[in-house]
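[1] got a sequence here, can you build the structure:
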Amino acid sequence: MTGPADPIDPPAHQNLDWHEGDMPYSREFGDHFYCRTDGRLECGHVFLSGNGLPERWVGTGTFRIGELGFGTGLNFCETWRQWKATAGAGDRLHFVSFERFPMAADEISRALSHWPEIDAERMALISRWPADPDGDVRIDFGDGVTLTVVCGPALEGVARTEHPFDAWYLDGFAPSRNPDMWSEELMRHVFEKTAPSGSFATYAAAGFVRRNLQAAGFVVEKRKGFAGKREMLRGDRPYCMSP
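    The predicted structure is shown next:
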């Protein structure tokens with residue numbers, strides 16, 4: 001998860017506490033970066049399944065995923081792991097994440113070391129991660145997989161991106177702690193940068209988040225949340241509407 005879309009006097013780097021050894025906690029936003037039960041399984045339930053993945057990317061050529069909040073890179077690594085197991089020959093994945101406060105490589109590694117299932121992806125990511133991430137960090141991992149992390153306010157980054165996305169992971173900190181990341185203006189930009197028949201998924205289910213997504217143009221539905229959370233949201237951009 002990430003910092004706000006347009007914070008006031010933001011720190012250059014988030015101040016982290018570490019809970020249970022390897023779980024980062026943002027002091028600025030008073031929130032963990034992912035579900036304390038199991039962030040990797042949460043990614044599968046919310047972001048992959050919520051967007052109809054991996055089924056939708058098989059045989060599509062290039063599939064583009066947009067994410068609000070790179071955080072530890074957990075969602076990217078789990079998505080990449082599943083991509084390697086399911087993508088067809090010639091398929092390509094471009095994962096683009098918008099992150100206000102990029103973490104350092106050692107912080108990313110510490111957090112992701114909790115999951116041996118993504119150890120190969122963790123090592124590949126941290127070995128290529130810049131010492132001082134800034135601007136657009138683009139990493140080509142080979143085998144058709146590219147990661148771009150757009151460092152800076154999400155509102156500005158999403159507004160200037162050129163290509164629409166087939167799926168969105170909306171993974172900012174909790175709406176109650178970081179409302180700017182779920183604003184009507186940002187959700188409108190997300191909608192505008194969604195391909196016809198594209199989709200979004202998020203763990204959040206707050207009423208104002210749902211209303212902002214609907215106001216932007218998405219057809220929104222509620223689903224059962226992860227690990228006892230009552231609800232999550234997912235939705236689609238109607239095919240008849242042009243990006």
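
[2] all strands of the protein, in order?
    Using DSSP state E, the strands found in the chain span residues 16-19, 23-26, 31-32, 62-68, 92-99, 136-142, 145-151, 165-170, 194-202, 219-223, 232-236.

[3] tell me which of those sits nearest to residue 38.
    Proximity to residue 38 (CB to CB) singles out strand 23-26 among the strands of the chain, at 10.8 Å. For every residue, glycine as well, the C-beta is placed using N, CA and C.

[4] quick check: the residue most central in space within the chain vs residue 73, distance?
    Note on the chain: the residue nearest the mean C-alpha position is residue 67, at 3.2 Å, using CA atoms, centre = their mean. In this view, residue 67 and residue 73 are 10 Å apart by CB to CB, to the nearest Å.

[5] can you check residue 162 too?
    23 Å.

[6] for this protein, which helix is longest?
    Secondary structure assigned by DSSP state H gives helix 74-86 as the longest helix of the chain.

[7] what's that helix packed up against?
    With contacts taken as 3 or more CB pairs under 8 Å, 6 or more residues apart in numbering; DSSP states H and E, helix 74-86 sits against helix 39-43, strand 62-68, strand 92-99, helix 105-112, helix 119-128, strand 145-151.

[8] partner strands of the third one, with direction?
    The strands beside strand 92-99 in its sheet (DSSP bridges) come out as strand 62-68 (parallel), strand 145-151 (parallel).

[9] so it versus strand 136-142, what angle?
    Orientation note: strand 92-99 sits at an angle of 150 degrees relative to strand 136-142 (axes from the mean of the first three to the mean of the last three CA atoms, to 10 degrees).

[10] what residue ranges in the protein score low on pLDDT?
    1-12, 17-18, 21, 24-25, 27, 29-37, 173, 240-243 (pLDDT under 70).

[11] so in terms of bridging, what pairs with the residue nearest to the centre of the chain?
    Bridge pairing for residue 67 - DSSP bridges - gives residue 97, residue 169.
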